[in-house]
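K.L.:
structure for this input, please:
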Amino acid sequence: MLESNKTLHRSWFGQCWTRHAASDAMWRIYSPESDGVRIRSTPQKLMESLDSAYGASPRFIGRVQYMPTKRLTQFAKALSLKNSVGAAQTLLVKRPAFRHEREVRLLVRRADEKSDRLRCPIDPHDLLDQIMVDPRLEATKARSLQEQIRRRTDFQGSVLRSLLYAPSPPLA
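P.N.:
Just a heads-up that it's a prediction; the model follows:
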């Protein structure tokens, strides 16, 4: 659908989020050097940030649907691309091979934008609920990164190390 001449995807900007609280695949894909962080927010806070920055522009938040090729083709043929809702819906589908992402997309249409990037001013202290460092980091490096994040950003929310690989509690 991105290659289709029926809609102008160049005027759409998006940001991808996952609904996973903890995912080995997501850490390995998006933090290959084991030095990444995960930020957490809510759909309401994300939309409020877009509303305040781009209130007049079409904007959406939606869960990505994972469809096999046949269903994806039927979906594309049935979709009306005459309005922003239809165009946004084309950006909310993927093939099942990506189902592990459990993705949510934040979308805004800016036809007047001349850049391939869209700046969205935010207050991270209002937008973010939590920052989490990679679970594969050695404990001392994780603490150091957590302290560095706090020092550089003055973030008042939780800055934690993911416990994805922590040992399970002993069984009774």
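K.L.:
just the residues contacting the helix ranked longest in the chain, thanks.
P.N.:
Criterion DSSP state H: the longest helix present in the chain is helix 139-153. Residues outside helix 139-153 that contact it (Cβ atoms under 8 Å, 6 or more residues apart in numbering) are Asp35, Val37, Pro124, Ile131, Val133, Asp134, Leu137, Phe155, Val159, Leu160, Arg161. Any C-beta I mention is one placed from the backbone N, CA and C, and that applies to glycine too.
K.L.:
distance from the chain centre to that helix, please.
P.N.:
Averaging C-alpha coordinates over helix 139-153 and over its chain gives two centres that are 23 Å apart (Cα atoms, centre = their mean, to the nearest Å).
K.L.:
ok, back up a step: which of the contacts of helix 139-153 are buried?
P.N.:
For the contacts of helix 139-153, burial is judged from neighbour counts taken by 16 or more other Cβ atoms under 10 Å, and it is met by Ile131, Val133, Asp134, Leu137, Phe155, Val159, Arg161.
K.L.:
list the contacts for the second one?
P.N.:
Right, the one you point to is Val133. If a contact means Cβ under 8 Å, 6+ apart, then Val133 has Gly36, Val37, Ala142, Leu145, Gln146, Ile149, Val159, Leu160, Arg161, Ser162 as its contacts.
K.L.:
the second one contacts Ile131, correct?
P.N.:
Yes: if you go by Cβ atoms under 8 Å, Val37 and Ile131 touch, sitting 5.5 Å apart.
K.L.:
helix or strand: which one has Trp27?
P.N.:
Taking DSSP states H and E as the criterion, Trp27 maps to helix 24-30.
K.L.:
check Ile131 too.
P.N.:
In this structure, Ile131 is located in strand 130-133 according to DSSP H and E.
K.L.:
hey, where'd the strands end up in the protein?
P.N.:
Listed from the start of the chain, the chain has strands (DSSP state E) covering 12-18, 37-40, 59-63, 65-66, 93-94, 103-109, 130-133, 158-161.
K.L.:
export only the CA atoms of the helix or strand bottoming out on mean pLDDT in the chain, formatted as CSV.
P.N.:
Within the chain, confidence by mean pLDDT, DSSP states H and E is lowest for helix 84-90 among all helices and strands, at a mean of 83. Once side chains and other backbone atoms are set aside, the C-alpha atoms of helix 84-90 remain, and they are given as CSV (Å, rounded to 0.1, in the frame of the first residue of the first chain):
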residue,chain,number,x,y,z
SER,A,84,-7.6,11.1,6.1
VAL,A,85,-9.1,8.2,8.0
GLY,A,86,-8.8,5.8,5.1
ALA,A,87,-5.2,6.9,4.4
ALA,A,88,-4.3,6.5,8.1
GLN,A,89,-5.8,3.0,8.1
THR,A,90,-3.4,2.0,5.4
